[in-house]
Structure formats: structure tokens, C-alpha cells
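Asker: this is a predicted model, with the sequence first.
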Amino acid sequence: MILEASIIPAIVSSGSRWQKRLVGWKLGKKLHTATRDHQMAHPKLKLATQLRAALYARFSNDVQNERSIDRQFADLEKAAQRLGFKLDKRHYYCDRAQSGTSLFERPGLTRELLGAAAKNEFDVVLVEQTDRLSREQADTHWLAARFKFYNTKIFTPAGEVSALQLTFEGYQNADFITKLAGRVKSGHNEIARAGKIAGKKPYGYDGVLGKPGECVINEKQAAVVRRMFTEYASGKSPRQIVQGFIDEGIPSPSGAHWNYQGIVGGSETGRGLIHNRLYIGELVRNRFTNVKNPDTGRRIVRKSAQDDLIVVPVPHLRIIGQELWEAAHAVRLARQVQMAGPGGYKPRPVLPRKSYLLSGLLRCGTCNGQMTIISSALGGRVGCSSAAYRRTCNHTKTYHLGTVTNEVIGKMHEQLTNPEFLKARMKAKAAELAKAEKEGNVERVEAQRKLDRLNLQIARLVSAIENTDAPVKELMDSIKAKEIERVGLQERIRLLGAETNVTVLQPTAMSAFGKSIETLAGLLRRNENDPACRLALSNIIDCVIVHPTPKKRPYELSMYARLSAIRGIELFPERRSHQQIVAAEGLSRITVEAEPR
Ligand SMILES: [Zn+2]
């Protein structure tokens with residue numbers, strides 16, 4: 001619905017009385033405030049031109065159930081009718097079981113709804129309460145700014161939400177979460193002080209039916225705990241202990257694979273079994289706090305402040321004798337000093353781990369699991385992660401990373417620039433296309449999720465530039481890094497979409513591809529850390545399988561290229577400039593220094 005005229009007469013009816021009013025339109029769709037107020041005051045009035053509304057519903061935890069979404073929609077539909085909005089089933093958006101404290105992982109809101117709002121597909125967003133949009137103040141404002149830019153009004157059944165109301169409610173919503181978290185915590189503390197355990201019982205214990213919070217020792221698991229402490233104190237390594245458990249088919253605490261980290265994991269603040277003082281009859285609460293990283297939405301664990309700690313003696317839950325506990329911890333301390341020096345472990349800085357060119361591309365030839373860096377000596381050695389950390393795979397050989405990398409680049413260069421090879425591969429692979437499509441879908445969803453996250457991060461950074469005195473250059477560098485990743489992902493999503501359409505291989509496409517590969521191989525040999533090259537490589541190579549070979553024998557690698565990559569893929573997709581990124585976020589007014597080359 002696009003109205004060109006600036007003023008359009010519309011007729012509204014109010015019972016027996018007829019009124020002729022002028023309804024002002026701005027930008028083809030904005031309704032004049034006076035008319036809207038009138039409409040609010042007389043809900044039965046029908047405007048000649050209805051506002052189009054989108055509905056948004058969300059429920060966050062197990063307290064509210066799946067039906068909550070349907071109920072929210074039903075209530076919103078009633079409200080929409082009363083407010084005289086026009087609804088369209090295509091514009092019902094929801095996020096199931098997503099928390100309101102973060103915008104991450106809420107595709108219904110951040111992708112679909114905002115995406116449709118950007119295309120001017122509706123005029124109003126109707127939500128039950130403003131807290132459905134977000135409980136985080138900064139996010140509420142971020143959203144409000146977007147909606148304002150798209151000329152979309154926010155309504156609740158009570159009427160339009162004003163900027164002031166949004167600010168106030170945003171504060172209230174954030175405050176509610178803080179208070180709720182406080183209440184939950186003090187409730188749990190109360191339970192702990194009574195010597196009870198709220199929620200899931202730790203390994204070695206069972207709950208008591210009909211007596212919430214109470215625990216009894218699970219003798220079977222307690223035996224495993226005793227054995228673990230005894231073996232550890234006697235000098236066995238965590239890996240050896242875990243191997244013993246696996247060999248005997250003893251189920252792990254989580255029900256998944258045994259992992260030696262589950263025994264000693266994370267030093268003092270760790271959650272490894274060896275740190276659990278419940279085994280010596282001490283109930284300790286608030287050892288850690290969960291905090292959410294505002295940039296990524298991910299939870300991280302931190303050691304709590306000392307005065308938060310609650311320690312309650314629960315002698316009836318003791319599994320390990322004091323002597324054994326102390327012996328095991330003496331071993332642990334000695335090993336810690338041996339590995340990290342007298343100062344003990346230094347906490348890792350809050351930075352992502354360093355990744356390498358083939359990060360995420362190497363797979364184990366035995367179990368098809370991920371290969372990871374096992375040791376950083378001599379430029380790094382990679383090995384099967386299941387074999388190294390969980391002992392669920394017998395592929396224990398490790399490989400020199402540099403050799404594997406060179407081998408992969410060489411192989412890519414040799415094979416992917418050879419037209420005969422390409423033709424043969426295309427033919428052989430054609431039959432597997434149906435299968436590939438199925439898997440591609442899963443991967444595409446995953447890639448799309450990542451892309452959403454990136455878009456949001458970029459948007460946040462842009463809005464940070466607008467609202468901060470911090471040096472713009474650093475933020476811009478951040479944006480640039482994310483932009484590189486974003487275009488790579490976008491290209492991947494496009495490719496995954498095109499995967500099934502591969503039929504004929506055009507000679508021109510093939511030679512163009514060969515040239516791109518030449519360029520890429522050349523660039524990689526010069527600097528394998530170039531982020532653009534890395535993305536290009538991950539767009540071509542699906543995975544590299546590392547087959548187990550006997551000691552001292554040459555490596556055996558098979559490389560799987562992406563089918564569609566052969567068909568004229570854009571290896572170096574065009575990145576948006578800073579100005580374009582900023583303009584796309586609707587903030588073109590800030591000026592940016594020239595892009596450094
Ligand atoms: Zn493996």
C-alpha cells in the first residue's frame with residue numbers, strides 16, 4: 001500500500017454519526033497523530049485505510065510453555081481487531097524458548113521481523129509487553145532506533161508505546177531481570193544453607209522422591225568417584241583414568257563421552273569432579289558466576305567474590321575420606337607446578353584462540369571427527385580430538401601442521417587447475433547431489449545463523465560509533481574484520497543454495513576457476529594468515545580427511561572440494577566499504593577516515 005498524495009480524505013464512522021476527517025499521511029504511510037488518538041479513544045471506528053500490523057511473540061523458559069506463543073498470538077489478534085489493524089499471517093513472528101536478555105539467537109526478531117520492517121511490509125509491530133522485545137535496555141533502544149528508522153510504530157494492546165514509555169519500561173524490564181535473578185539466587189542460597197541442593201544433583205548423588213533438595217549417595221556412582229580419587233592419588237594421569245572407565249563401559253556423568261577435563265577441568269574454578277568438595281561433606285555454593293559477554297551473547301564462567309561463598313557441612317554426603325582427598329590434591333598441586341611453574345596457571349586473556357589456515361577443515365579418517373592442534377611445538381601438530389581428549393577413537397598419530405597445510409595447498413593447486421580432473425569429479429559426484437542437498441540445508445541454516453549474529457555485531461559496532469567517544473579507528477577495524485567474515489559466509493550460503501543446480505560445466509567457468517585457484521595458491525604461499533584467503537579457501541574446500549598411516553610413513557590426505565565451487569564461484573567476493581556498511585545501518589551521517597590500504 002503506497003500512497004503518493006500527501007493528504008487524503010478518509011471517512012470514519014462512529015456509530016450513527018458520520019465524520020469527514022482529513023487523514024494526514026507522511027511518507028506515504030505515517031498516520032497523523034490526532035487521527036490515531038481519536039481512533040484509540042473510539043476503538044470501534046474503522047479507518048478507510050487500515051494500518052498493517054505485524055505480531056511478535058516470545059517465550060523464554062520452561063515456566064512458560066510452547067502454548068504461550070499461541071496464547072500471545074490469540075490475545076494480540078483480539079487487540080489488533082480492537083485497534084483496527086490489518087493482519088497478515090505472513091507477518092506473525094516469534095522466537096521460541098529464547099531469553100529476552102540478549103538479541104543473539106533470536107532470528108524471528110532480528111532477521112525476519114526487522115527484515116520485513118526494512119521492506120516496509122507493515123506499519124506497526126504489536127507485542128504483548130515491551131519486555132517481549134527485549135529485557136536489556138541497550139537492546140530495547142537499539143531496536144527502537146531501527147523501528148523508528150523504518151517508520152514502524154511499536155504498539156501493545158494498551159496503545160502506542162512512546163519513546164518515554166519505552167525508556168521507562170526498558171529500565172523496568174532490565175530491573176525486573178536483575179531482581180528476578182537476585183530472588184532466584186537468594187532462594188537457592190536459602191536451600192543451600194539448609195544443606196540441600198536445588199536442581200540437578202551432582203555426580204554421585206540422587207534426589208529423594210517427595211523431598212525436594214534432599215540428596216542421598218548413589219552407591220554405584222560413589223564407587224566410581226572413590227576409584228577416580230584413588231587412581232589419581234596413586235599417580236595415574238586423568239587420561240589413563242578415563243581410559244579405564246571407557247574400557248569398562250562405565251557411563252560418564254553427562255551420559256556423553258568421558259572426557260579427562262571432566263575429572264580435573266579448569267583448575268581452582270573448574271567443574272572437574274576432583275574439585276567437588278561435596279565428596280568430603282562440604283556443600284559449597286556460589287563458587288562461580290555466569291556472565292554474558294555483551295558482544296557475543298555467550299556465557300562465560302567466572303570465579304565469584306569470596307563473600308558470596310556459602311559453605312555448609314553435610315557430613316552424611318561424604319564419599320571420600322579426608323586423607324584420600326588431601327593425597328589427590330597434593331598430586332594435583334604438584335602436577336600444576338610441574339606444568340605451569342610455581343605461580344600456577346595464568347588465566348587466558350579474553351581473546352579468541354588463535355586459529356590456523358585449516359581450522360575446522362581437517363577431519364579424522366577413522367572417526368570423521370574434528371582434528372585439533374594437540375601440541376604447539378615446532379609449528380604445531382594436529383591430531384584427532386576424540387583420540388586425544390576422549391579416547392573414543394584410536395587414531396592417535398599426530399601430524400605436522402605445516403606439512404599438512406603445504407600438502408593441501410599443493411594438492412588444491414594441482415587438482416583444481418586441471419580441467420580433466422574437474423570434469424571427472426563433476427561426473428562422479430553428480431549422483432551424490434541429492435544427498436548433498438540434504439546436508440547442505442543443515443549447513444545453510446547454520447551458516448545463516450552465523451551470518452545473523454555477524455550482522456547484529458556489525459550493527460552494534462556501528463551504533464557504538466554513533467554513541468561513543470572511543471577512538472573510531474579501532475571500532476572500524478573491528479567492523480572490517482567482521483565484514484570480511486560476513487561476505488565469506490554470504491557467499492557460502494549462496495553456494496549451498498546453488499549446490500543442487502550443478503549440471504553442465506562451462507569451459508569458460510572452468511578456466512576462470514583455474515585462474516582464481518592459481519591466485520589463491522600464490523597468495524596463500526606468501527601469507528597464509530590473510531583473512532580473505534582463508535575465507536576463499538574454506539569456500540572451496542569442504543574438508544580434508546587425514547587418514548591414519550603407520551609411524552614415519554608419509555601422510556595420506558583426501559581433499560573434498562565444494563562442487564559448486566568449480567562452477568564459477570566468486571573466490572574474493574566484494575566487501576562493502578565502511579561507508580556502505582554504515583549507510584546500510586541507517587547512520588550515514590558519521591564520517592569515516594579513508595580506508596587504510
Ligand atoms: Zn578420530
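Answerer: Looks like it came in fine.

Asker: how about the residues of the stretch 301-450 of the chain by the ion?
Answerer: Within the stretch 301-450 of the chain, the positions near the ion by Cβ under 5 Å from the ion are 364, 366-367, 369, 384, 386-387, 393, 395. C-betas here are computed from N, CA, C, even on glycine.

Asker: model confidence at V184, what's the number?
Answerer: Looking at V184, its pLDDT is 72.

Asker: now the buried members of the residues of the stretch 301-450 of the chain next to the ion.
Answerer: 364, 366-367, 369, 384, 386-387, 393, 395 (16 or more other Cβ atoms under 10 Å).

Asker: which ones among the residues you listed map onto helices?
Answerer: Counting by DSSP state H, no part of those is found in helices.

Asker: can I see the domain layout of this protein?
Answerer: 1-49, 205-340, 362-584 (automatic domain parsing).

Asker: so where is the stretch 51-200 of the chain shaky, pLDDT-wise?
Answerer: For the stretch 51-200 of the chain, residues meeting the criterion pLDDT under 70 lie at 60-67, 97-106, 170, 173, 177.

Asker: need the helices for it, in chain order.
Answerer: Using DSSP state H, counting those that start in this stretch, the helices of the stretch 51-200 of the chain run over 67-83, 107, 114-118, 130-133, 137-149, 163-193.

Asker: out of these, which is the most enclosed?
Answerer: Per-stretch averages of neighbours, counted by mean count of other Cβ atoms under 10 Å, single out helix 130-133 among those, with a mean of 23.

Asker: could you pull up the contacting residues of whichever residue of the stretch 201-350 of the chain sits closest to the ion?
Answerer: Nearest residue of the stretch 201-350 of the chain to the ion, counting by Cβ to the ion: H257, 11.9 Å away. Residues counted as contacts of H257 (Cβ atoms under 8 Å, 6 or more residues apart in numbering) are 246, 386, 390, 392.

Asker: OK, contacts around the first one?
Answerer: Contacts for I246 (Cβ under 8 Å, 6+ apart) come out as 257-258, 391-392.

Asker: what separates it from G204, distance-wise?
Answerer: 19 Å (Cβ to Cβ, to the nearest Å).

Asker: same check on the second one?
Answerer: Taken as Cβ to Cβ, the spacing of S386 relative to G204 amounts to 26 Å.

Asker: quick one: the residue of the stretch 201-350 of the chain closest to the ion from C367, how far?
Answerer: H257 sits 11 Å away from C367, going by Cβ to Cβ.

Asker: still on that earlier bit, and the ion, which of the helices of the stretch 51-200 of the chain is closest to it?
Answerer: Closest among the helices of the stretch 51-200 of the chain, using Cβ to the ion: helix 107, at 33.0 Å.

Asker: who are the packing partners of the closest one?
Answerer: On a contact count with 3 or more Cβ pairs under 8 Å, 6 or more residues apart in numbering; DSSP states H and E, helix 107 meets helix 433-466.

Asker: secondary structure class for V216?
Answerer: strand (DSSP: H, G, I helix; E, B strand; the rest coil).

Asker: doesn't K201 make contact with it?
Answerer: No - at 9.2 Å, V216 does not count as touching K201 under the criterion of Cβ atoms under 8 Å.

Asker: which of the two has more neighbours?
Answerer: K201 (18 against 13; other Cβ atoms under 10 Å).

Asker: my guess is that one meets C215, correct?
Answerer: Yes - the pair K201 / C215 is scored as a contact, 5.7 Å apart, by Cβ under 8 Å.

Asker: can you name the residue of the stretch 401-550 of the chain nearest the ion?
Answerer: P548 (8.4 Å).

Asker: let's have the buried ones among the residues of the stretch 301-450 of the chain next to the ion in TSV, adding distance to L126.
Answerer: Shown next, in TSV, are those (distance: Cβ to Cβ, whole Å):
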residue	distance to L126
C364	51
T366	55
C367	50
G369	47
C384	52
S386	49
A387	54
C393	53
H395	56
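
Asker: out of the residues of the stretch 301-450 of the chain next to the ion, which comes closest to V462?
Answerer: Checking those against V462 with Cβ to Cβ, the nearest one is G369 at 38.3 Å.

Asker: quick check: closest non-adjacent residue to that closest one.
Answerer: S386 (4.5 Å; Cβ to Cβ, 6 or more residues apart in numbering).

Asker: now the one you found: how far from H257?
Answerer: From S386 to H257 the distance is 8 Å (Cβ to Cβ).

Asker: intersection of neighbour lists for these two?
Answerer: Shared contacts of S386 and H257, counting by Cβ under 8 Å, 6+ apart, come down to T392.

Asker: that older thread, would you reformat the contacts of H257 as TSV and include pLDDT and distance to N527?
Answerer: Below are the contacts of H257 laid out as TSV (pLDDT from 0 to 100; distance: Cβ to Cβ, whole Å):
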residue	pLDDT	distance to N527
I246	85	42
S386	85	32
R390	74	35
T392	78	37
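
Asker: for the residues you listed, which one is nearest the ion?
Answerer: S386 (4.8 Å).

Asker: helices of the stretch 201-350 of the chain, start to end?
Answerer: 219-233, 238-247, 261-264, 322-340.

Asker: now E518: closest residue in space, sequence neighbours ignored.
Answerer: In this structure, E518 finds its nearest non-sequential neighbour in T417, 6.2 Å apart by Cβ to Cβ, 6+ apart.

Asker: how many neighbouring residues does the one you found have?
Answerer: Neighbour tally, T417, other Cβ under 10 Å: 18.

Asker: can you give me every residue that contacts it?
Answerer: Taking Cβ under 8 Å, 6+ apart as the test, what T417 contacts is 514, 517-518.

Asker: mind checking which of those are buried?
Answerer: By neighbour count, with 16+ other Cβ under 10 Å, these hold 514, 517 as buried.

Asker: how about the contacts of T417 in a markdown table, adding distance to S186?
Answerer: Putting the contacts of T417 into a markdown table (distance: Cβ to Cβ, whole Å) gives the following:
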| residue | distance to S186 |
| --- | --- |
| G514 | 67 |
| I517 | 62 |
| E518 | 65 |
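
Asker: closest one of the contacts of T417 to E326?
Answerer: Distances from E326 to those, taken by Cβ to Cβ, are shortest for I517, at 61.4 Å.

Asker: quick check: that closest one touching N418?
Answerer: No - applying Cβ under 8 Å, one finds I517 not in contact with N418, separated by 9.9 Å.

Asker: ok so, going back, compare the contacts of I246 and tell me which is most surrounded.
Answerer: W258 (24 neighbours).

Asker: doesn't R391 make contact with that residue?
Answerer: Yes - under the criterion of Cβ under 8 Å, W258 makes contact with R391 at 7.5 Å.

Asker: okay, and the common contacts of the two?
Answerer: 242, 246.

Asker: done for today, thanks.
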